[in-house]
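J.: Have a look at this prediction, sequence included:
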2 protein chains.
Amino acid sequence: MSNQSNLRVTVTDHNQKSDPVLTTLAETTQRNRVVDVASRLAEMRDWLRNDLVELEEGLSHIVQDPQADLAWAAAEYLLQKAGKRVRPICVMLAAQMSDRAFDHEVKQVAICAELVHTATLMHDDVIDQGEDRRGRPTARMVYGNAASVLGGDHLLVDALQRVHSTNPALTGSLLGVIADMVHAEALQLELRKSFRPDRNLYQQVVEGKTAALFRWALESGGQLGNLAPEQATLLGEVGANLGMTFQLIDDKLDLCGSPEETGKDTCLDLREGKLTWPLILAAERSPSLLLRLRHIAGSDHDPKVGEIAQMVEEIRNTGAIEDTQAEAERFAQLAANALKKLPSGRARDALQAVIQTALHRSR
Amino acid sequence: MSNQSNLRVTVTDHNQKSDPVLTTLAETTQRNRVVDVASRLAEMRDWLRNDLVELEEGLSHIVQDPQADLAWAAAEYLLQKAGKRVRPICVMLAAQMSDRAFDHEVKQVAICAELVHTATLMHDDVIDQGEDRRGRPTARMVYGNAASVLGGDHLLVDALQRVHSTNPALTGSLLGVIADMVHAEALQLELRKSFRPDRNLYQQVVEGKTAALFRWALESGGQLGNLAPEQATLLGEVGANLGMTFQLIDDKLDLCGSPEETGKDTCLDLREGKLTWPLILAAERSPSLLLRLRHIAGSDHDPKVGEIAQMVEEIRNTGAIEDTQAEAERFAQLAANALKKLPSGRARDALQAVIQTALHRSR
C-alpha cells in the first residue's frame, strides 16, 4: 500500500503536458494497484518521453484542411482526445528490440497504426450507434454520421499513403490487416441477428477486429528493426495474444467497468446482444440467460436499466466475469511466453509491462 | 427518324443476357436520338462482347462470404445491379489503344475502377441519406447504414488489394485518387452548411469526386498498354474532362431527368442545397433563387413538392439547364481534343463514342 501511494505521487509528478500517453497507461493500472507494472511504466516513460512527444506532435498534424472542417474535425476530435496509444507504442518498442531509433520511418508506421485504429472506431460508432467513447459523446453524435464515415475514410487512406510512401514493403500486409478488420466487423454485424454462444466464431471475430492490428504493429516494428524473420514473426505472435488480452478485458469492462473510467457506455455490448466472452460463458451456464440474450439480439427489444442490472448480477453469479479475466490471463501468458524467446533488454521489459497493463487495466 | 427506328431494332436484337452493359450504354443515348453514337456503340459492343462478359463475370465473384451476409449482400446489391460500367470500359479501351488484350492484369485494374466507384456510392448513400439509386432503394435503406459503411469499406480494400497484387506500381496513384475523392466529399459536406454559388469550389469538388477516378482509369489503362508517358498523360486528360462532362450531366438530370430513367430521386441535390452547376448559374442570375437556396441549405427546411416544382421552373427560366448542357459540351470538346492527339483506331473511336454517350445520356 505504501508503494502504491508513492507511485501515485510519482505519476502525478510526471503528469506533464508532454507525456499524457504514458500517464494514461500508468493510471489505467495503478487503480488496480499493480505496483510492479506501474513502476515499470514509469521507467518506460522516462525512456520514451521524447519519442512520445514526437508521436503526439505527428498525430496533431494529421487532420488539417480548412476547407473541409466538418469531417476533419470529426477525425481530430477522436484522435486528439489521446487514447492509450498502445498500438504505436508497440511499433516503437518492437523497432527498439534491435535499438532502431524512433526515426522518420518508424514514426510513420507508428502513426499509421493509431490512424487505422481510430478510423475503425469512427466507422464502428456509426455501425454500433454508440453515444459515448473515451468519456465524450462519439464523433457521430457531435458531427453526424456523414462526418464520421468520411473522417474514418480519410484516416484510413492517410494511414495507407503514409506507409506506402515510407515503406511500400508494408503496404500489402497493412491492406491484409484492414481487410481482416472489415471482415470481422461484418461477421460481428451478421451475428447480431441472433445470439449464438459459439466460441469459434468469437475467436474469429476478435482475431480480425483486434488481434490482427496488434500483430501487424509488433511484426512491422520488428521488421523495421531488421530483426530476423522468425523473430519478427514471434513479435507478431506476442501482438496477436496481446490483442486477445485487450479484447477480453474490453468485454469484461463492458459489464463491470465504471463509465467514468472507461469513458464508454456500460453494458452496450449486452444491450445489443453482441457476442462477448463473458456473455458466451454466462449463456453456456444459464439457459435462462441464454434465452434472454437471444431475445435481446433477435428483436428490437431494448431492455430497461433494471433488467440490465439484474442480468449483470446473474452473469456475475455464473462466474463468467472472473473466468473472462482468467481467459485474458491465459492469452497474456501466451504473449509473455513468446516474448521471452526474444532478446532481453529494455524494449522487451517494456513490452512485458504493456502486456500486464492490458491485463490489469480498468479503462 | 427511320434511322432511329432501325437502330432501335438493332439494339433490341443485341439485347442479350451476355452484354447488358453496352445495351445500357446504348439505351442511355438512343432515347436522345443520337444515332451516330448509338450505332458506334453497337459496333463497340460486338467488338468488346467477350471482354465485357469476362468483366461481369469477375464482378460477380467479388462479394462472397457466407459468414457475413449482411454487409456483403449490401455491396453485391449495388454491384450486381449493373450500372453503365463506364470506368472499367475506360480502362479497357485505354489499354486497347496499343492493342493490349483484356488480360488478367487489365481486367483486375478495370474491376478495381468499378469497385472504387461502387464503394463511394455506398458511403455516399449514408452521407446523402439517399433513398433511391439505380432504380431501387439504396443499399442503406435495405440493409441499414452499418452494412453500407462496411460494404463500402470492403469494396475499397478489395480494390486496393487487387491493384497492389497485380500491379503495385499503380497502388500509389490509386491511393491518391481515393484521397482526392474523400477530400472532395468532405468539402461538399462542408459546403452544405450554406449555399455559396462559387464556381471555383464547384470545380474543386467535381475534380476530386468524379474527374479523378476517370483520369486514373484512362491513364492507368494507357500505362498498362505501355503507351509513352506523355500519351498516358493525355489519356488522363481525356478522363478528367470526361469526368467533368459526366458530373455536369448528372447535375442537369437531377433537375430535369425522369426518375424512371435515371433510377434516382429527382431534385435530391436541390432539396439538399448541394452545390451543382445549374444551381450556381441560377443563383447568379436570380437573387430570389439564391435566397431560397440559401434558406434550404442553411436550415432543416424541407421544401414541399410544389415548392420544388416551382423552383425548377424558375431555374429553367434562367437558362441554367441549357447552359449546363453547354458547359458539359465544352468539357466533352476538351476531352475530344485531347483524344485526337492519340493514335487513331478502333479504341480511339470507341472512346469518342463514350464521350458522346456521357454528353447525351438521359440516365
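T.: Okay, I see it. Numbering: from 1, shown residues only, chains lettered A, B, ... in the order given.
J.: C-alpha only now, for contacts and for neighbours.
T.: OK.
J.: Going by residue numbers, what spans are helices in the stretch 51-200 of chain A?
T.: Using DSSP state H, counting those that start in this stretch, the helices of the stretch 51-200 of chain A run over A:69-80, A:86-96, A:104-128, A:139-166, A:171-191, A:199-206.
J.: mean pLDDT lowest for which of these?
T.: Ranked on mean pLDDT, the bottom entry among the helices of the stretch 51-200 of chain A is helix A:69-80, at a mean of 69.
J.: Pick out the residue closest to the middle of chain A.
T.: Most central in chain A under C-alpha atoms, centre = their mean is residue A:246, positioned 6.0 Å from the mean C-alpha point.
J.: Report the contact partners of that one.
T.: For residue A:246, the residues meeting the contact criterion (C-alpha atoms under 8 Å, 6 or more residues apart in numbering or on different chains) are A:210, A:328, A:358-359.
J.: quick one: which of the residues you listed is nearest chain B?
T.: Using C-alpha to the nearest C-alpha, residue A:210 is the member of those that lies nearest chain B, at 16.2 Å.
J.: Could you tell me the phi and psi values at that closest one?
T.: Dihedral angles of residue A:210 (phi, psi; degrees, to the nearest 10) stand at phi -120, psi -50.
J.: any idea of the pLDDT on it?
T.: The per-residue pLDDT of residue A:210 was computed as 96.
J.: and if you look at residue A:299?
T.: According to the per-residue confidence, residue A:299 scores 72 in pLDDT.
J.: before we move on, what about the one 5 residues further on?
T.: We note a pLDDT of 84 for residue A:304 in this prediction.
J.: Now the phi/psi pair for it, please.
T.: The phi and psi torsions at residue A:304 (degrees, to the nearest 10) take the values phi -80, psi 160.
J.: roughly how far out does the helix or strand encompassing the residue nearest to the centre of chain A sit from the chain middle?
T.: Counting by DSSP states H and E, the secondary-structure element that holds residue A:246 is helix A:229-256. Taking the mean of its C-alpha atoms, helix A:229-256 sits 9 Å from the chain's own mean (C-alpha atoms, centre = their mean, to the nearest Å).
J.: now the angle between helix A:199-206 and it, please.
T.: Between helix A:229-256 and helix A:199-206, the angle comes out at 110 degrees (axes from the mean of the first three to the mean of the last three C-alpha atoms, to 10 degrees).
J.: Please identify the buried residues of the very next helix or strand once past helix A:229-256?
T.: Tracing the chain C-terminally past helix A:229-256 and defining elements by DSSP H and E, one meets helix A:259-262 next. By neighbour count on 16 or more other C-alpha atoms under 10 Å in any protein chain shown, the buried set for helix A:259-262 is A:259, A:262.
J.: now helix A:259-262: how far from the chain's centre is it?
T.: How far helix A:259-262 lies from its chain's middle: 15 Å, per C-alpha atoms, centre = their mean.
J.: Mind checking the pLDDT average for it?
T.: Regarding helix A:259-262, the rounded mean pLDDT is 71.
J.: elements contacting the following helix or strand past it?
T.: Stepping forward along the backbone from helix A:259-262, the first helix or strand reached (DSSP H and E) is helix A:268-272. In this structure, helix A:268-272 packs against helix A:229-256, helix A:287-298, with contacts taken as 3 or more C-alpha pairs under 8 Å, 6 or more residues apart in numbering or on different chains; DSSP states H and E.
J.: out of those helices, deepest packed?
T.: Per residue and on average, the most neighbours among the helices and strands packed on helix A:268-272 fall to helix A:229-256, with a mean of 24 (mean count of other C-alpha atoms under 10 Å in any protein chain shown).
J.: Give me the angle between it and helix A:86-96.
T.: Counting by the same axes, to 10 degrees, helix A:229-256 points 160 degrees away from the direction of helix A:86-96.
J.: ok, now which ones touch the closest residue to residue A:126 other than its chain neighbours?
T.: The shortest distance from residue A:126 to any non-neighbouring residue, by C-alpha to C-alpha, 6 or more residues apart in numbering or on different chains, is to residue A:145 (6.0 Å). By C-alpha under 8 Å, 6+ apart, the contact list for residue A:145 reads A:126, B:126-127.
J.: tell me which of the residues you listed is nearest to residue A:185?
T.: Top of the list for closeness to residue A:185, among these and by C-alpha to C-alpha, is residue A:126 at 12.1 Å.
J.: Looks to me like residue A:279 is in a helix.
T.: Yes - with DSSP: H, G, I helix; E, B strand; the rest coil as the criterion, residue A:279 is assigned to a helix.
J.: What count of nearby residues applies to it?
T.: The number of residues packed near residue A:279 is 28, by other C-alpha atoms under 10 Å in any protein chain shown.
J.: residues touching it, list them.
T.: Listed by C-alpha under 8 Å, 6+ apart, the contact set of residue A:279 reads A:197, A:270, A:315, A:320.
J.: Redo those as CSV? Include neighbour count and pLDDT.
T.: Listed next are those as CSV, based on neighbours: other C-alpha atoms under 10 Å in any protein chain shown; pLDDT from 0 to 100:
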residue, neighbour count, pLDDT
A:197, 21, 93
A:270, 22, 86
A:315, 21, 96
A:320, 22, 97
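J.: Those into a markdown table, with extra columns for distance to residue A:155?
T.: As requested, these are arranged in a markdown table below (distance: C-alpha to C-alpha, whole Å):
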| residue | distance to residue A:155 |
| --- | --- |
| A:197 | 34 |
| A:270 | 29 |
| A:315 | 38 |
| A:320 | 37 |
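J.: between those, which is closest to residue B:96?
T.: Proximity of the contacts of residue A:279 to residue B:96, judged by C-alpha to C-alpha, is greatest for residue A:197, which lies at 53.9 Å.
J.: Spit out the contact partners of that closest one.
T.: A:275, A:279-281, A:283-284.
J.: Spell out which parts of the stretch 151-300 of chain A neighbour chain B.
T.: Near chain B, the residues belonging to the stretch 151-300 of chain A are A:153-154, A:157-158, A:160-161, A:164-165, A:172, A:175-176, A:178-179, A:182-183, A:185-190 when assessed by C-alpha under 8 Å from any C-alpha of the partner chain.
J.: gap between the closest residue to residue A:223 other than its chain neighbours and residue A:218?
T.: Distances taken as C-alpha to C-alpha, 6+ apart place residue A:232 nearest to residue A:223, at 5.9 Å, with adjacent residues excluded. For residue A:232, the distance to residue A:218 under the criterion C-alpha to C-alpha, to the nearest Å works out to 8 Å.
J.: Residue A:198 too?
T.: Per C-alpha to C-alpha, residue A:198 is found 29 Å from residue A:218.
J.: same deal with residue A:206?
T.: Taken as C-alpha to C-alpha, the spacing of residue A:206 relative to residue A:218 amounts to 17 Å.
J.: which of these two has more neighbours?
T.: Neighbours around residue A:206 and residue A:218, counted as other C-alpha under 10 Å, are more numerous at residue A:218. The numbers are 31 against 22.
J.: what bits of the stretch 251-363 of chain A have low per-residue confidence?
T.: Filtered on pLDDT under 70, the stretch 251-363 of chain A yields the residue ranges A:263, A:300.
J.: so after the strand or helix carrying residue A:316, what's the next helix or strand?
T.: Using DSSP H and E, residue A:316 maps to helix A:305-317. Once the chain leaves helix A:305-317, the next helix or strand it forms, by DSSP H and E, is helix A:320-340.
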